[in-house]
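Peer 1: generate coordinates for the sequence data below:
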Amino acid sequence: MGRALEAITLLKQQMERAVVGQAHVVERLLIALLCNGNVLLEGLPGTAKTRSIKSLAKALDAGLGRIQFTPDLLPSDVTGTEVYHSDGDSGGEKLTFQPGPIFNNLVLADEINRAPAKVQSALLEAMEERQITVAGKTYALPELFMVLATQNPIEQEGTYPLPEAQMDRFLMKVTIDYPGDDAELDIIRLVRGEEVQEKASEVEIPQQAIFEAREQIHNLQIAEPMERYIVALVMATRDPARYSEQLASWISVGSSPRASIALDKCARAHAWMQGRDYVSPEDVQAVAPDVLGHRLIVSYTAQAEGVSAPDIVREILQNVAVA
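Peer 2: Next up, the predicted model:
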């Protein structure tokens, strides 16, 4: 693991200094980055969603593109468009592609659920295919590419809820809560300090460290019992009746095969970040709520009982035995 793990650990430490009281969020962002996936952050206003993403871009040698999603946004505002530029040699004009903010290493899609379906579909191609198509031409995105989307759970007026198919494209959905008493005090002191003086210089982590870490995670061994445990967790979302009638009444539609793939990737990344070369049940259980929660369609019965998707995942973890 060596230098790559040291670099990622340093990256994590620098982010935690900038984002107080959200260690869980920082770790999940790094896991998604190491797994070459995309993340959806959901939280109330002021819970450091945008700050977390900006701190990652600042500590990493990577470009950040921010898109503030609004109902009047057009796909070209995200992908870019072809424009006429004067040709100095001939005195005429030629059509040239002007890249949009999607052509960055890290893309902050702020309040993604405020964008109409056409814009969401343009972002979907970038997330899934790592390329965009404009006027019949395909343009590749950077090798290091990650979409970090945010949404506010309390404001539904003037929003376009993400379709289940697009939610499935996010490797993880991370729910952010308000910080505790001590963390709130630290936040006040941190911001006050930033207002009166420049922050201490920090080391910028090169992109090559991410690529090296990804290769090591790809080669990390996972035993067959852990593979079967991952499959059992996902199957429990599709056939919950085999475990309990209560679970069956809570789930309308279970997780897709993308859930199994994501659980495998995230569990290996979590184990690697702990300095281990094998995956344990604790690694799978640690990432399961963020990987499975947004891939479930919760039934009306569960909603009436006040049961959320994370509650259902916790119930599944209690019912499914480790292979």
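Peer 1: what count of nearby residues applies to Val191?
Peer 2: Neighbourhood size, Val191 [other CB atoms under 10 Å]: 10. For glycine as for every other residue, the C-beta is placed from the backbone atoms N, C-alpha and C.
Peer 1: what residues does Ala209 make contact with?
Peer 2: Ala209 is in contact with 3-4, 7-8, 11, counting by CB atoms under 8 Å, 6 or more residues apart in numbering.
Peer 1: any idea how far it is from Leu108?
Peer 2: Going from Ala209 to Leu108 by CB to CB, to the nearest Å gives 21 Å.
Peer 1: where does this structure have its least confident helix or strand?
Peer 2: When the helices and strands of the chain are scored by mean pLDDT, DSSP states H and E, helix 181-196 comes last with a mean of 70.
Peer 1: show me what secondary structure element comes after that one.
Peer 2: Following helix 181-196 in sequence order, the next helix or strand is helix 207-218 (DSSP states H and E).
Peer 1: contact partners of the very next helix or strand once past that next one?
Peer 2: With elements assigned by DSSP H and E, the helix or strand that comes after helix 207-218 is helix 224-238. The contact list for helix 224-238 (CB under 8 Å, 6+ apart) reads 242-243, 247, 251, 254-255, 257, 259-260, 263-264, 267, 279-281, 284, 288, 292, 295-296, 316-317, 319-323.
Peer 1: so which of these are in helices?
Peer 2: Among these, the members found in helices (DSSP state H) are 247, 257, 259-260, 263-264, 267, 281, 284, 288, 292, 316-317, 319.
Peer 1: and the buried ones among these, selectable in ChimeraX?
Peer 2: Applying 16 or more other CB atoms under 10 Å to the ones in helices among the contacts of helix 224-238 leaves a buried subset, and the ChimeraX line that selects it is:
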select :247,259,260,263,264,267,284,288,292,316,317,319
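Peer 1: wait, which of the ones in helices among the contacts of helix 224-238 is closest to Leu30?
Peer 2: Ala267 (14.3 Å; CB to CB).
Peer 1: wait, the closest one sits on Pro281?
Peer 2: No. Between Ala267 and Pro281 there is no contact under CB atoms under 8 Å: 9.2 Å.
Peer 1: quick check: closest non-adjacent residue to the residue sitting nearest the centre point of the chain.
Peer 2: For the chain, the residue nearest the mean C-alpha position is Val39 (1.1 Å; CA atoms, centre = their mean). Using CB to CB, 6 or more residues apart in numbering and skipping residues adjacent in sequence, the residue nearest Val39 is Ala32, 4.5 Å away.
Peer 1: just checking, that neighbour touches Leu171?
Peer 2: Yes. Counting by CB under 8 Å, Leu171 is a contact partner of Ala32 at 5.1 Å.
Peer 1: find me the pLDDT at Glu155, would you?
Peer 2: For Glu155, the pLDDT comes out at 64.
Peer 1: likewise Thr150?
Peer 2: Looking at Thr150, the pLDDT reads 87.
Peer 1: again, but for Gly91
Peer 2: 60.
Peer 1: same check on Cys266?
Peer 2: We have a pLDDT of 95 for Cys266.
Peer 1: how much space between the nearest residue to it once chain neighbours are set aside and Ile132?
Peer 2: Excluding the flanking residues, the one nearest Cys266 by CB to CB, 6+ apart is Val287, at 4.1 Å. Distance, Val287 to Ile132, using CB to CB: 29 Å.
Peer 1: touching, the residue nearest to Cys266 and Lys265? I think so.
Peer 2: No. Val287 is beyond contact range of Lys265, at 9.1 Å (criterion: CB under 8 Å).
Peer 1: the nearest residue to His294 once chain neighbours are set aside: how many residues sit nearby?
Peer 2: Computed as CB to CB, 6+ apart, the closest residue to His294 that is not its neighbour in sequence is Lys173, at 3.7 Å. Neighbour count of Lys173, defined by other CB under 10 Å: 23.
Peer 1: Lys173 is in contact with Gly293, isn't it?
Peer 2: Yes. Counting by CB under 8 Å, Gly293 is a contact partner of Lys173 at 6.1 Å.
Peer 1: how close does Ser280 sit to Pro99?
Peer 2: Distance from Ser280 to Pro99, by CB to CB: 43 Å.
Peer 1: same check, this time on Tyr300
Peer 2: 44 Å.
Peer 1: higher neighbour count, those two?
Peer 2: Higher neighbour count among Tyr300 and Pro99: Pro99, with 15 against 9, using other CB under 10 Å.
Peer 1: who's in contact with that one?
Peer 2: Contact analysis of Pro99 by CB under 8 Å, 6+ apart lists 80, 139.
Peer 1: hmm, 10 Å instead?
Peer 2: Neighbour list for Pro99: 65, 79-81, 132, 134, 139, 141 [criterion: CB atoms under 10 Å, 6 or more residues apart in numbering].
Peer 1: export these to JSON lines and tack on neighbour count and distance to His218?
Peer 2: Converted to JSON lines, these look like this (neighbours: other CB atoms under 10 Å; distance: CB to CB, whole Å):
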{"residue": "Gly65", "neighbour count": "18", "distance to His218": "27"}
{"residue": "Thr79", "neighbour count": "22", "distance to His218": "30"}
{"residue": "Gly80", "neighbour count": "18", "distance to His218": "32"}
{"residue": "Thr81", "neighbour count": "14", "distance to His218": "36"}
{"residue": "Ile132", "neighbour count": "22", "distance to His218": "26"}
{"residue": "Val134", "neighbour count": "18", "distance to His218": "32"}
{"residue": "Tyr139", "neighbour count": "15", "distance to His218": "27"}
{"residue": "Leu141", "neighbour count": "20", "distance to His218": "20"}
